[in-house]
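Participant: fold the following.
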Amino acid sequence: MISQAIQLLQSGGSVMIPLFAVSVFIYWQAFQLLGFVFRGQKSLLRAAGIFANGISDDAAFDANDLLAYAMQKPLNQVIVRARFDEIRLAYLSVIDRRLRLLQTLTTAAPLIGLLGTVVGILMTFDGLAGQGMQYISLGVSKALVTTQCGLIVALPALFFAMMIQRRKHSIVAELAKLENAILLFTRTDLTAQASQPSQS
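Facilitator: A predicted model of the protein is given here:
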């Protein structure tokens with residue numbers, strides 16, 4: 001298996017080195033981002049700058065911490081909305097930034113493969129100009145292998161990007177539900193406080 005992979009890299013020529021590097025980075029980024037979004041409210045939410053005491057991007061907090069931050073005193077509807085805007089900016093911006101990087105790298109993979117195709121075609125023309133049939137077959141092999149590998153790298157990465165995008169939309173919906181629940185609680189609480197003096 002390893003020998004076949006090495007043989008494939010060699011048959012694609014020098015273009016396979018950046019293509020291999022991009023593929024490793026694509027799937028490292030994809031699996032890391034998938035783990036980030038799928039934890040969600042079930043396990044851990046990770047975000048930058050949510051807490052006032054300056055927890056870093058790598059700090060993790062669960063849904064209870066998120067709820068405690070959103071409901072800490074003083075509490076009114078304007079403050080709750082501002083806190084949830086801050087939460088969205090901190091958490092969703094991390095997803096958006098990494099997703100854009102993943103999509104850019106996914107687009108780059110078949111383009112690198114296309115570069116290998118051009119190199120292979122040029123080698124084929126050199127063979128036709130008098131270098132011999134071995135040079136022609138080597139050029140055709142490079143042209144086909146690099147294109148194939150670029151597409152093999154990019155197509156699953158597009159699927160991962162779609163999964164991440166869907167999970168992001170569900171997180172946005174969950175945050176909106178939580179925000180509406182807290183706003184309703186705040187409205188009810190303020191109404192109850194306002195009615196207390198009139199009862200006395």
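Participant: when you work out contacts or count neighbours from here on, use the C-alpha atoms and nothing else.
Facilitator: Fine.
Participant: what's the longest helix in the protein?
Facilitator: Secondary structure of the chain read by DSSP state H shows that its longest helix is helix 133-199.
Participant: which strands and helices sit next to it?
Facilitator: Packing contacts for helix 133-199, counted by 3 or more Cα pairs under 8 Å, 6 or more residues apart in numbering; DSSP states H and E, involve helix 2-12, helix 16-39, helix 77-126.
Participant: among the ones you listed, show the one with the smallest mean pLDDT.
Facilitator: Mean pLDDT is lowest for helix 2-12 among those, at a mean of 66.
Participant: and Q165, how many neighbours?
Facilitator: Neighbour count for Q165, taken as other Cα atoms under 10 Å: 17.
Participant: tell me the pLDDT at it?
Facilitator: The confidence metric pLDDT takes the value 90 at Q165.
Participant: and what of the one 10 residues further on?
Facilitator: According to the prediction, L175 has pLDDT 77.
Participant: now swap in D57 and tell me
Facilitator: We have a pLDDT of 43 for D57.
Participant: now Q131
Facilitator: Per-residue pLDDT puts Q131 at 67.
Participant: with S141 instead?
Facilitator: At S141, the pLDDT value in this model is 78.
Participant: that one contacts L122, correct?
Facilitator: No: using Cα atoms under 8 Å, S141 makes no contact with L122, being 12.0 Å away.
Participant: all set, thanks.
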